[in-house]
Structure formats: structure tokens, C-alpha cells
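# attaching a predicted model along with its sequence, questions to come.
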Amino acid sequence: MVHAQFDPTARRQLAIAAVESKTRKDLTWQQIADAAGLSVAFVTAAVLGQHALPQASAEAVAELLGLDDDAAMLLQTIPTRGSLSGAVPTDPTIYRFHEMLQVYGTTLKALVHEQFGDGIISAINFKLDVRKVADPEGGERAVITLDGKYLPTKPF
């Protein structure tokens, strides 16, 4: 049976324990995702409390991280999503994403609506990819792909 969480506290505490175990065991998010049999972005989000994992994946992640059966069960529950408070983020990495949306949010909205019409890009039917590529001018660049299904607004 599918169960949902209505208080994010339990999932936050589990995320803290999972990240501590990940660090102690010197694991990567990719290794955890490989154990789960799902994408690294989805599994990372799930372990951090933003998605539910299927039973087999939850059990594999819990085993790899040395978490108990209650943790495996909790990893399967539908969370209360949203990992950020309403305040402007203070973590520099998260703040830069906030800044990008402050600068380019209206541009993205205008371009999406011009190309697709009135609607939204789903964060549920969604794929995320993060890659590191060489910068021709030296150093490295982050390539982040947000791939969401377009859902048109339907009059009713």
C-alpha cells in the first residue's frame, strides 16, 4: 500500500542519517543509484527526502547505507516535497540557482509560452542530468539538463 508523509521531519532526519552513512562509507551518489537501479538524480533526490523509492530500490539503498527496516519503509513513502524554506537560500550553490531563476525565470517563461502556449513544465514527469565538460577557455563547465513534459492549461 502507498503511504504519504505530511510532516517532512522524519524524511529530513533520514536524509541526515543517510548522508552521514554515505560519508562514513565513502560512497558516491552514483554508487547508491547503481544499488537502487535508478538514475543518480532521482535516487539522490529520494535519499534527500524529495521522492519515494520503489520497495526493491529502497531496500537496496538501506542495505548499502546500513540503515534499518524502518528507514527502508520511510524511503518508500511519498514525501512532503520542497527542500528549501521561503527565504532566499544562503548556501552559495543553491543561491546561484536561485539567482539564475531571478535573472532568467521570466525569459524561460516567455520562451516556453511562445513555443508551447499556456501551461507548465512538469516536475513530476521529469528528468535531470548534470555533467561536467571541459571549457574551451580553460577549466570546467557544468551542463545541467532539465527535461520535463509540457502540460498545457486546459479550460474547464
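Noted; the coordinates are in hand. Numbers count the residues shown, from 1 in each chain.

# so where's the longest strand in this protein?
Among the elements of the chain assigned as strand by DSSP state E, the one spanning the most residues is strand 119-134.

# for that strand, which strands pair with it and how are they oriented?
Here strand 119-134 has these sheet partners by DSSP bridges: strand 140-152 (antiparallel).

# CA atoms only: put the strand it pairs with into PDB for me.
C-alpha atoms of strand 140-152 as PDB (Å, rounded to 0.1, in the frame of the first residue of the first chain):
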ATOM      1  CA  GLU A 140      35.300  23.200 -16.500                       C
ATOM      2  CA  ARG A 141      31.700  23.900 -17.200                       C
ATOM      3  CA  ALA A 142      28.500  22.500 -15.700                       C
ATOM      4  CA  VAL A 143      25.900  21.300 -18.100                       C
ATOM      5  CA  ILE A 144      22.500  20.900 -16.400                       C
ATOM      6  CA  THR A 145      19.600  19.500 -18.400                       C
ATOM      7  CA  LEU A 146      16.100  19.900 -17.100                       C
ATOM      8  CA  ASP A 147      13.800  17.700 -19.200                       C
ATOM      9  CA  GLY A 148      10.100  18.000 -18.200                       C
ATOM     10  CA  LYS A 149       6.900  17.100 -20.000                       C
ATOM     11  CA  TYR A 150       4.900  20.100 -21.200                       C
ATOM     12  CA  LEU A 151       1.400  20.100 -19.700                       C
ATOM     13  CA  PRO A 152      -1.000  22.600 -21.400                       C
END
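
# contact partners of the longest strand of the chain?
39, 41-42, 45, 112-113, 140-153 (CB atoms under 8 Å, 6 or more residues apart in numbering). From N, CA and C alone the C-beta is placed, and that goes for glycine too.

# how about it: buried residues?
For strand 119-134, a neighbour-count test (16 or more other CB atoms under 10 Å) marks 121, 128 as buried.

# cool, stretch 18-36 as well?
Under the neighbour-count criterion of 16+ other CB under 10 Å, stretch 18-36 has 18, 21-22, 32-33, 35-36 buried.

# any chance of these in a markdown table, with distance to A87, secondary structure and pLDDT too?
Converted to a markdown table, the buried residues of stretch 18-36 look like this (distance: CB to CB, whole Å; DSSP: H, G, I helix; E, B strand; the rest coil; pLDDT from 0 to 100):
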| residue | distance to A87 | secondary structure | pLDDT |
| --- | --- | --- | --- |
| A18 | 25 | helix | 98 |
| S21 | 29 | helix | 98 |
| K22 | 27 | helix | 97 |
| I32 | 29 | helix | 97 |
| A33 | 30 | helix | 97 |
| A35 | 35 | helix | 98 |
| A36 | 32 | helix | 98 |
